[in-house]
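Participant: Model the structure of this input:
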Amino acid sequence: MILESDLAAIIARQRETEEGKSLGQIRPLDFNDVLLESHALDITGVRRCGKSTIMRQRMRGSDEPWFYVNFESPLLTQFELRDTIRLDSLIDKSGAKRLFFDEVDQLTGWEKYVRQKLDEGFCVCVSGSNASLLEGEIGTKLTGRHISKELFPFSFSEYLAFTGKERSPESAADYVHDGGFPRYLQTHEEIVLQELFDDIVYRDVVVHNKIRDVSAVRELSAYLVENVGCRFTASKMLRPLNVASASTVTQWCEWLEKAYLFFFVPIFSDSEKSRLLNPKKVYCIDTGLEYAVSSRRIPNDGARFENMVYLALRRRSRDISYFDADGECDFIVRSRHAVAGAIQACTRLTDEAKDREIEGLLKAMEACSLDSGTIVTESQRDAISVGNRRIEVVPFCEWEPALFHLL
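Facilitator: Here you go, the predicted structure:
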């Protein structure tokens, strides 16, 4: 339990801090604001990707009074759902009808409280660092009453706007190395990303899910970050992690994905059993983060480039798979339950790589009944026709903005 006077002092200090911060780079959210008169807006994404900045922009972008609470504050660790009666009192005294709850998933049962405030006529915006914010209780308590928005570190286009660089293969190469976390782009201190990685693993995975074997989860995370773009099976990690059950490793991977640290991409298949049993390919939330925490000082540039292409696709679609049937294709992307594209990621189409990349892409196009496909490169561009099928070879710097129209 927390005293109302203590809660008032904490919230006043948080507001003062927020009012003193810069609005940062504007990142528009693509939905109709009219919906927020009756629906909660929930913003979820990896820690430190800019969720609080989005909230700040929305708070201070209107003349209407607003009320803000960051539940991740160490001073609110004892705050419980029963304390919301004191929170209600402070909200009433403020006269605000626009409520902003940052890192609300720190409060057990928050969905009930948000539903209550919606029913009372408040506009509510919440954020959290775990994909469970979009699942579970929110699906039952807020059915039809919420709009979800996933936020990622800066895309390449946002990176250019933030750094002031021109769109080119050279700036795309910089982006592969730097990634898109705003704080790192300001400081270029790798310790920022290394500490962020540790925070996500420990706070958003280990503590959030009450995992006892902390060292094994850290070892698993270290292994995954060293193997982006590779195929992964939980069973192969049993001996290295000294874990008895593959289901335990699978559960940890699910929690790492819910914390937006890693993504696990299944094989393309109409069979659910095949998708479950075949190895998954692993990707990291940010190429700069991957580079900063990797022990490989001679990086696998091809894997990191593939990771960057994956992230560009993931911002537009959750339904991504890899193709492997008499040929390999990096990505098959669905949009609105239909296959929208087949994409290969290749830093450079050398004579050695060209036939392999084209053959794998053509096999995927045939299996998906696609007339066109794409090979994304660092700087090469070309157009290849094979029978009635066409392959566009395009530099990443030109391909990434086109995704907004394709998916």
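
Participant: Could you chop this protein up by domain?
Facilitator: As given by automatic domain parsing, the domain ranges for the chain are 4-151, 186-305, 316-407.

Participant: Using a markdown table, lay out those together with mean neighbour count, mean pLDDT and distance to Pro169.
Facilitator: The way it works is simple: take the backbone N, C-alpha and C, and place the C-beta from them, glycine included. Converted to a markdown table, these look like this (neighbours: other CB atoms under 10 Å; pLDDT from 0 to 100; distance: least, CB to CB, whole Å):
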| stretch | mean neighbour count | mean pLDDT | distance to Pro169 |
| --- | --- | --- | --- |
| domain 4-151 | 17 | 90 | 23 |
| domain 186-305 | 17 | 95 | 11 |
| domain 316-407 | 17 | 93 | 4 |
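
Participant: mind putting those domains in TSV, distance to Glu158 included?
Facilitator: Listed next are these as TSV, based on distance: least, CB to CB, whole Å:
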stretch	distance to Glu158
domain 4-151	7
domain 186-305	13
domain 316-407	10
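
Participant: so which of those domains comes closest to Lys165?
Facilitator: Nearest of these to Lys165, taken as CB to CB: domain 316-407 at 10.4 Å.

Participant: distance between the closest one and the chain's centre?
Facilitator: Per CA atoms, centre = their mean, to the nearest Å, the displacement of domain 316-407 from the mean C-alpha position of its chain is 22 Å.

Participant: could you check the distance from Ser94 over to Asn227?
Facilitator: Distance of Ser94 to Asn227, computed by CB to CB, to the nearest Å: 50 Å.

Participant: what's the answer for Thr53, then?
Facilitator: Distance, Thr53 to Asn227, by CB to CB: 32 Å.

Participant: likewise Lys280?
Facilitator: From Lys280 to Asn227 the distance is 12 Å (CB to CB).

Participant: So which residues of the stretch 101-250 of the chain form helices?
Facilitator: For the stretch 101-250 of the chain, the helices defined by DSSP state H, counting those that start in this stretch cover 110-119, 137-141, 156-163, 169-178, 182-187, 190-199, 214-226, 238-241, 246-258.

Participant: Relative to Ile384, which of the ones you listed is closest?
Facilitator: Closest approach to Ile384 among those (CB to CB): helix 169-178, 19.8 Å.

Participant: Helix 190-199 and the closest one, what's the angle between them?
Facilitator: 50 degrees (axes from the mean of the first three to the mean of the last three CA atoms, to 10 degrees).

Participant: and helix 169-178, how far from the chain's centre?
Facilitator: With CA atoms, centre = their mean, you get 20 Å for helix 169-178.

Participant: swap in stretch 229-248?
Facilitator: Centroid separation for stretch 229-248 versus its chain: 24 Å, with CA atoms, centre = their mean.

Participant: try stretch 70-85
Facilitator: 26 Å.

Participant: go on, stretch 227-246?
Facilitator: 23 Å.

Participant: ok, residues contacting that stretch?
Facilitator: 213, 216, 219-220, 223-224, 247, 249-250, 253, 264, 279-284, 290, 300, 302-304, 306-307 (CB atoms under 8 Å, 6 or more residues apart in numbering).

Participant: Next: stretch 78-87.
Facilitator: By CB under 8 Å, 6+ apart, stretch 78-87 touches 1-4, 7, 69, 71, 107-110, 112-113.

Participant: Any chance of these in CSV with distance to Glu120 as columns?
Facilitator: Converted to CSV, those look like this (distance: CB to CB, whole Å):
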residue, distance to Glu120
Met1, 23
Ile2, 22
Leu3, 24
Glu4, 19
Leu7, 19
Val69, 16
Phe71, 19
Leu107, 18
Thr108, 21
Gly109, 17
Trp110, 15
Lys112, 13
Tyr113, 11
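
Participant: Between all of these, which two are at the greatest distance?
Facilitator: Taking CB to CB, no two of the contacts of stretch 78-87 sit farther apart than Leu3 and Lys112, at 22.6 Å.

Participant: As TSV, the helices of the stretch 101-250 of the chain with distance to Ile391 would be great.
Facilitator: Shown next, in TSV, are these (distance: least, CB to CB, whole Å):
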stretch	distance to Ile391
helix 110-119	47
helix 137-141	41
helix 156-163	22
helix 169-178	20
helix 182-187	34
helix 190-199	36
helix 214-226	31
helix 238-241	39
helix 246-258	31
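
Participant: Can you tell me which of those helices is nearest to Ala402?
Facilitator: Short answer: helix 156-163, nearest of those by CB to CB, at 10.9 Å.

Participant: Phi and psi next, for Val46.
Facilitator: Note on Val46: backbone dihedrals following degrees, to the nearest 10 are phi -60, psi 150.

Participant: What sits closest to it if chain neighbours are left out?
Facilitator: Of all residues not flanking Val46 in the chain, Tyr260 sits nearest, at 3.7 Å (CB to CB, 6 or more residues apart in numbering).
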